[in-house]
Each structure stands twice: as structure tokens, then as C-alpha cells.
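Participant: Next input, structure requested:
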Amino acid sequence: MAPAGPIAPIERVGVVGAGAWGTALALVAARAGRQVTLWARRPALAAALQGDRENAAYLPGIAVPVSVSVTADPAALASADALLLAMPAQTLRESLSGLASSIAPACPLVICAKGIERDSGKLLSEILAEAAPGRPAAILSGPSFAAEVARDLPTALTLACDDEALGRALVGALGHPHFRPYLSHDPVGVQLGGAVKNVIAIACGLVAGRRLGHNARAALITRGLAEIARLGRALGAEPATFMGLSGLGDLVLTCSATQSRNYAFGLALGEGQSPEQALAASAGVVEGRSSAAAVQTLARAKSLEMPISEAVDSIVNRGSAIDSTIAALLARPFRSETG
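Facilitator: Numbers count the residues shown, from 1 in each chain. Prediction:
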């Protein structure tokens, strides 16, 4: 990610994507005193949000203030001082390709999605560099259910940026007492924590659905964190990142609540639903399914063992039986915990 030049005040914030997370981020920016434009891909959704002042499909009962302008016109993003990218990870490349001409060359882009591109195994920052080259960039990630953020409940996240001045400007633009971004200079680690925790959350849902107990879930969270850190070391991330909000914090949240789409997806599978049935019942995108395949692409490229992630990929993408896959995990050789 290229360092930014002199940092102008960030007063106008654009949010790309009007799902639950994009709408919640628009509310965050408005509460922080920014002028906000929320861009929706579907004109019908933009019109409903602009008129009803509520995102009934994704955040029912939460008012969207009139200070948030909602539009489906990409040209409305051209005047933004910073853009928050809140579209699903697997659509980031396509969305950026369509919007690049409407984004000012010096406008910072903040990746707010969590995932790894399935087909290429590339991090979202790499996708951004290819689809919108030369733009200053940052990553926003951490334990943050959209509904709680939208309700203005206290939330702390990590904002990672190679350019410290840009990072501080973004923290200043979005931060307020109930939304606390903590600055990091490890974009790779922050992205990996946000992406791989979704895979581990599916695993935790699976063992819950199979009634394997709280001990098993605690073990998965702990050993899952070890897998995230192992991949992080191989890709040049800082180990301390995985003990922070975008690592351990997000992992614990996502692996512990049915409000997590990935945990709920795994739970449905564990209770006997097919992947297609579980996806159809989900209220949003289950990023962990695609990320499971992408994580295995990265692990193979680095000759890493990531048995939990591999098991999830095998179940959700390759049709492996849940019980025999869990049995194979439990039959792995004993080893040193820190090895």
C-alpha cells in the first residue's frame, strides 16, 4: 500500500455498500460529525433508505439520520475525502473496477470487509492495489457486530495503515467515545485475523451443532489462533497483532455467538443441514466458506499445516462427512503446544 502525501482534513466520508455493516459505518461517521454519503449498488435499496430512513432489510428499527445521504450514483463518491469499502470480500475486485473512475486518485480507501479472494488466495489489500492502483489504503477490522455498532454500543477495532499520518487522520475522522479505533502498522496481520477467524467460527459452530461441548470450542478457538499466527508469520505479519482486537478479540466474538453468520452457518451444518440449506437461511454473506478455500491455497503455497482450516474447507467446499472429518482431527499425533 502506497504511503499517502500530505493529509487533508477528512470531513466528507463515503461508504460503499449499504448492507448491515456499510449502514452501521455510515452511522459511525455521522456520529463522529462527518458529512456522509452511503452508496448502494441497488437503486431500489438506495431509494428506500433515502425515503424511509431505515435499512429494513439489514438493520430493522434503527434510524438513519437525514445527515446521511443515500444514493446509487457512483459520481456522488467523487467528492469524498475518504471511502469506507464495506462490500463483501468476494465482490471487492468487481466493485472497485466499476467504481474506480468515480474515485479521486488521492482519496484514501479503507477496506472494511473481512476475507481472502477465493480464486487467487490474495489479500484484499492486494486486490485493491490491482483494481484501484495508487490509492492510499487502510484496513478496519475487529470485533464488531453491525447491529451493535448501529445501536451505538461500545466497540473497539483496529485500523491498520502503512502511513501513520493517514491512519491518525482516519482514526480522528471516525473515532468517538463509543467507537474506538486503535492504530496499527500491520495491515497483513490485521487482514489475516479478520479473514481466518471466520473459518474457525464455522468450525466452532460445527462442534456446537454436534453437541461436542464447551471444552471443544475453547480448544478450537485456541488452536485456531495458533493457525492464524502460523500463517501470519509465513506472510510477514507481526505476532503481537494476533493477540489484539483484530486477532484474538474478533476470534472470540465470532466463535461465541449465533449473531455471527459464520458460527450460525457451522451450527446449521452440525445440526444436519446441507451447505446450500444453511446458506439459504443466512441473513448475509458467509465469508468463511470462501475464505476456507483461500486459506488452503495460501497454506499449500507456504507448506503450512492448518488442520482446522483444512477440515472446514473439506466439509463446506468438498462435501466431506462431518463426523469422520472431526474424528481425523482428533486422531492427529500429539505434539508440543508451541511447536
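Participant: What residues does the residue positioned nearest the centre of the chain make contact with?
Facilitator: Centroid check for the chain by CA atoms, centre = their mean gives Lys114 as the closest residue, at 2.2 Å. Taking CB atoms under 8 Å, 6 or more residues apart in numbering, we find Lys114 in contact with Ala89, Ser141, Gln191, Gly194, Ala195, Lys197, Asn198, Asp250, Glu287. For every residue, glycine as well, the C-beta is placed using N, CA and C.
Participant: Distance of it relative to Ala100?
Facilitator: Counting by CB to CB, to the nearest Å, the gap from Lys114 to Ala100 is 22 Å.
Participant: likewise Ala78?
Facilitator: Here the distance between Ala78 and Ala100 works out to 11 Å (CB to CB).
Participant: Check Pro275 too.
Facilitator: In this structure, Pro275 and Ala100 are 33 Å apart, going by CB to CB.
Participant: circling back: next, format the contacts of Lys114 as TSV and append secondary structure, neighbour count and distance to Ala24.
Facilitator: As requested, these are exported to TSV (DSSP: H, G, I helix; E, B strand; the rest coil; neighbours: other CB atoms under 10 Å; distance: CB to CB, whole Å):
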residue	secondary structure	neighbour count	distance to Ala24
Ala89	helix	26	17
Ser141	strand	28	14
Gln191	helix	28	20
Gly194	helix	34	16
Ala195	helix	28	20
Lys197	helix	33	19
Asn198	helix	31	18
Asp250	helix	27	15
Glu287	helix	27	16
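Participant: confidence score at Ser256?
Facilitator: On the pLDDT scale, Ser256 is placed at 88.
Participant: what are the phi and psi values for it?
Facilitator: Main-chain torsions, Ser256, degrees, to the nearest 10: phi -130, psi 0.
Participant: wait, doesn't it sit right on Tyr263?
Facilitator: Yes: contact criterion CB atoms under 8 Å: Ser256 and Tyr263 qualify, at 7.4 Å.
Participant: Look at the two and report which has more neighbours.
Facilitator: Set Ser256 next to Tyr263 and count neighbours by other CB atoms under 10 Å: Tyr263 wins out with 28 against 15.
Participant: so which strand or helix has that one?
Facilitator: helix 261-270 (DSSP states H and E).
Participant: Ok, Arg233 next?
Facilitator: Taking DSSP H and E as the definition, Arg233 sits inside helix 214-234.
Participant: what does Leu157 give?
Facilitator: Element membership for Leu157, per DSSP H and E: strand 155-160.
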